[in-house]
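Q: sequence unknown, structure follows:
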């Protein structure tokens, strides 16, 4: 077969996904004698940890995104393909794309991330969007801002109340950060611009099924975050299950909570890579991999990041966070480099947990680095510094830093735009207005 | 009638459109004893003169947009309604919106701007989008960037050539600025990131039906802009008619020019306000108005900006530019204020032409202030200062200034994102790839 014959010359490495894992793998292969192809359905790498700030109008999409070609500009052995992968032909050793491309590989790194999971209730997705992509974020931003616009003009008290009730489902870092950011957006920045919206008629509810928010953090930090949210006016409902979601609101157990804005931060499932690879997956759709991230029956196919179910030597699962994806990407990149060069393999992968942080608004964060635990404003400063630092690209860093400083000093929201084609407001409000008008 | 009865208390002024004209009218009414409503289908005011920089990835939408509520925050007599106007009921003195609102007025200011005109060939709109809204601009940006991505991967020479041919139809300021910006984007910023795209295989063609580009400028300035464009590698085709447009390219007279990216900057027509008002319009759809911008048979309905056909005392038509809209807005706002207060009417409107400027890339502009004519880099500096100065909102000014400085120093494009749901690439390229793959 021609495809195999060419491997005797220069090995072809294909990386699917230019997220944290995929880019780290590419960088680790920078000096390796390989022919590298990175395939992504977007032309930019996205700094996902700050995506909630796009959804809450603090940052613009371009602030947290960098074109993949720019990121890999200095890497002579890499080429970038903008296309959506739809299948992997393991027998022919080819990646198949939506546009009919068929990209041969000798080594394949799958780093396609995760999507939202509605635990089998995919019909909730329309009423309760999550935030994984730039388009998700601008859509959620439009939804929040439109709810405020409608509330300002609404005379029916019950509808106003539903328009000014914001429910965030899921008490992990994304849900907590989103709740804090919405509280600030709605109460401060918007509060100045709207005549008929006051803090009294706004409800922000963070719903968590477990016994506490931020279960990944130590109990005292999670409790401190809980109090900080409440101080900002967020109602935190723990041990509370969402049993239904519709355009009209949510059911919390048997209680109906009317709310026009519901945001989903409750769960993820892996991308459909398991299906492409025809490989065993766990309950969250993550591909089960070996200690070197390879498929059990295919050492040249490596799966990393949120797409992989990776059990460490201690039995603990590798968490679905950016540092874990980066470390795994770097490790598999090095592994491929050593195999190609027939060099000794790297020491077995071991996850170095550098700690966790989460922020609640523009004044408060919690940080746990193991050797250092912080809460409050010092933690927020550290959080900001770390996030600006890890942003790819100097301009993004500069831009985010100035946006934050500006927003911090003035409570102003710079990116408060409702874009997109669907500007029509929600139907129920319309009907009510028409009835009132007729009356 | 109840609606009229209330006018004995506080007059209701409705302004449709929060562009340059509408906002100027609102500001002029700041201290007037009126109940003011501004209706716009967007929640933000857009600084349209820089929209082409969003389309060419220099700026983010939020850099050139300011929430209408923020702009009018200090104006206690104004309320903002986010909704799309679909009709004006002149008999009942009400503005009717898409969402069934019916807003009563005693005075109405119509400032709804203009849209593209394809001179009766609306079927060209899909293949040759224009740039009037934020969504237009992000769509054009995605189109240009996708063409580069496809060209990078395309092996068929003819298709590559068509992908790397960019046609701008219309040699007015928008077309000229767009051509210059595309030349820079494609040749410099992108040129570094793509392996197989070089200046040699890129064509940028500016097509103008008339005898010269920038017909609104003096001949020597327009000729200087012509040379500057050619120096940047733009082919300027004057006295050239576009006779057909399709996904495959354009017909220039009898010559077929294959091009995958065609951008329309050739003509505008007024918004459908003439239809709502049931008023006589000119050929471009602009409502014919009196010397005080009122409808001939309705002194309380005033039409300004690109929506109006206004002949000055010298018989010359008021041009469709931002300063003219601003001046008219200010004047009609003052007129309403004096009528409400039964004060003496303002002196008749007279357009003060402060001059014109246009920029070609990041180094060259032409400026004609009447008493001062500049070309080249000094003109570019003046152009930049003027545009940053007139941007609404301090943050936008700061953000645009830093973006420009960054882009100027590094040739880097900060907002090179392909967003939106339609990431699928063009069909023709796909088929070719599949055939090649099968071969």
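A: Now that the structure is in, tell me what you want to look at. These numbers were taken from a predicted model, which means no experiment stands behind them. Numbers count the residues shown, from 1 in each chain, chains lettered A, B, ... in the order given.
Q: wait, doesn't residue A:22 sit right on residue A:109?
A: Yes - Residue A:22 is within contact range of residue A:109, at 6.7 Å (criterion: CB atoms under 8 Å). The way it works is simple: take the backbone N, C-alpha and C, and place the C-beta from them, glycine included.
Q: which residues are common contacts for those two?
A: Counting by CB atoms under 8 Å, 6 or more residues apart in numbering or on different chains, the shared contacts of residue A:22 and residue A:109 are A:15-16, A:329.
Q: Out of the residues you listed, the closest to chain B would be?
A: residue A:16 (15.0 Å; CB to the nearest CB).
Q: Residue A:260 and chain B: what is the separation?
A: 15 Å (CB to the nearest CB, to the nearest Å).
Q: That residue contacts residue A:165, correct?
A: Yes - at 7.2 Å, residue A:260 counts as touching residue A:165 under the criterion of CB under 8 Å.
Q: ok, the closest residue to chain B within the stretch 101-250 of chain A - how many residues close by?
A: With CB to the nearest CB, the shortest gap between the stretch 101-250 of chain A and chain B falls at residue A:193, namely 3.6 Å. Using other CB atoms under 10 Å in any protein chain shown, residue A:193 is surrounded by 19 other residues.
Q: Please apply the same query to the one 10 residues further on.
A: By other CB under 10 Å, 18 other residues sit near residue A:203.
Q: Need phi/psi at it.
A: phi -120, psi 130 (degrees, to the nearest 10).
Q: Can you name the residues bridging to it?
A: Residues in a beta bridge with residue A:203, per DSSP bridges, are residue A:165.
Q: How about the contacts made by it?
A: Residue A:203 touches A:161, A:164-166, A:235, A:259, counting by CB under 8 Å, 6+ apart.
Q: closest to residue A:77 among the residues you listed?
A: residue A:166 (47.5 Å; CB to CB).
Q: Is the closest one in contact with residue A:145, as I believe?
A: No - the pair residue A:166 / residue A:145 is not scored as a contact, 11.7 Å apart, by CB under 8 Å.
Q: Tell me where the stretch 301-439 of chain A has helices.
A: A:322-340, A:377-390, A:394-410, A:427-438 (DSSP state H, counting those that start in this stretch).
Q: And those: which comes nearest residue A:126?
A: Of the helices of the stretch 301-439 of chain A, the one closest to residue A:126 (CB to CB) turns out to be helix A:427-438, at 13.1 Å.
Q: Which positions in the stretch 1-150 of chain A make contact with chain B?
A: Residues of the stretch 1-150 of chain A lying close to chain B (CB under 8 Å from any CB of the partner chain) are A:41-44, A:60-63, A:65, A:67, A:69-70, A:73, A:79-84, A:98-102, A:134-135, A:138, A:145-146, A:149-150.
Q: coming back round to it: and the residue of the stretch 101-250 of chain A closest to chain B, what pLDDT?
A: Per-residue pLDDT puts residue A:193 at 84.
Q: Phi and psi next, for it.
A: phi -100, psi -10.
Q: List the residues that contact it.
A: Residue A:193 neighbours (CB under 8 Å, 6+ apart): B:67, B:69-70, B:73.
Q: ok, the residues you listed vs chain A, which is closest?
A: Using CB to the nearest CB, those come closest to chain A at residue B:69, 3.6 Å.
Q: Next, that closest one: secondary structure please.
A: Under DSSP: H, G, I helix; E, B strand; the rest coil, the three-state class of residue B:69 is helix.
Q: re the thing from before, list the residues that contact both of residue A:260 and residue A:165?
A: residue A:249.
Q: So which of the contacts of residue A:193 reach chain A?
A: Among the contacts of residue A:193, chain A is touched by B:67, B:69-70, B:73 when using CB under 8 Å from any CB.
Q: returning to what we had before: going by mean pLDDT, which of the helices of the stretch 301-439 of chain A comes out lowest?
A: helix A:427-438 (a mean of 30).
Q: Contacts only, for the closest residue in space to residue A:309 that isn't next to it in sequence.
A: In space, and not counting its chain neighbours, residue A:309 is closest to residue A:286: 3.8 Å by CB to CB, 6 or more residues apart in numbering or on different chains. Contact partners of residue A:286, counting by CB under 8 Å, 6+ apart, are A:270, A:274, A:306-309.
Q: what residues go with each domain of chain A?
A: The record, using automatic domain parsing to delimit domains, assigns chain A the ranges A:2-41+A:83-116+A:268-340, A:122-266+A:362-433.
Q: need the least confident one among those, by mean pLDDT.
A: Of all the domains of chain A, domain A:122-266+A:362-433 has the smallest average pLDDT, which comes to a mean of 86.
Q: just how off-centre is it within its chain?
A: On the basis of CA atoms, centre = their mean, to the nearest Å, domain A:122-266+A:362-433 sits 14 Å off its chain's mean C-alpha point.
Q: How about stretch A:299-311?
A: For stretch A:299-311, the distance to the chain centre is 19 Å (CA atoms, centre = their mean).
Q: How far does it stretch from one end to the other?
A: Stretch A:299-311 has an end-to-end distance of 17 Å (CA to CA, to the nearest Å).
Q: Now do the buried residues in it.
A: A:300-310 (16 or more other CB atoms under 10 Å in any protein chain shown).
Q: Next: stretch A:392-403.
A: Result for stretch A:392-403 [16+ other CB under 10 Å]: buried residues A:392-393, A:395-403.
Q: Now do the same contact list for residue A:54.
A: A:60-61, A:63-64, A:134, A:137-138, A:141, A:415.
Q: Tell me which other helices or strands the helix or strand containing residue A:220 touches.
A: Per DSSP states H and E: residue A:220 is located in helix A:219-231. Applying 3 or more CB pairs under 8 Å, 6 or more residues apart in numbering or on different chains; DSSP states H and E, we find helix A:219-231 packed against helix A:173-184, strand A:234-237, strand A:356-360, strand A:364-368, strand A:373-376.
Q: will you turn those into TSV that also has mean neighbour count?
A: Below are the helices and strands packed on helix A:219-231 laid out as TSV (neighbours: other CB atoms under 10 Å in any protein chain shown):
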stretch	mean neighbour count
helix A:173-184	25
strand A:234-237	20
strand A:356-360	24
strand A:364-368	24
strand A:373-376	17
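Q: Same list (these) but as JSON lines, adding distance to chain B.
A: Converted to JSON lines, the helices and strands packed on helix A:219-231 look like this (distance: least, CB to the nearest CB, whole Å):
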{"stretch": "helix A:173-184", "distance to chain B": "16"}
{"stretch": "strand A:234-237", "distance to chain B": "24"}
{"stretch": "strand A:356-360", "distance to chain B": "21"}
{"stretch": "strand A:364-368", "distance to chain B": "24"}
{"stretch": "strand A:373-376", "distance to chain B": "27"}
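Q: so what's residue A:252 bridging to?
A: Under the criterion used (DSSP bridges), residue A:252 bridges to residue A:242, residue A:255.
Q: Could I get the full set of strands for the stretch 51-200 of chain A?
A: A:65-67, A:78-82, A:85-89, A:94-97, A:102-104, A:107-110, A:114-116, A:165-169 (DSSP state E, counting those that start in this stretch).
Q: Can you give the contact residues for the first one?
A: The list of residues contacting strand A:65-67 from outside it, by CB under 8 Å, 6+ apart, reads A:43-47, A:134, A:392-393, A:396, B:193, B:413, B:416-417.
Q: what about it, average pLDDT?
A: For strand A:65-67, the per-residue pLDDT averages 88.
Q: So in that sheet, which strands flank that strand, and in what orientation?
A: Here, using DSSP bridges, strand A:65-67 pairs with strand A:44-46 (antiparallel).
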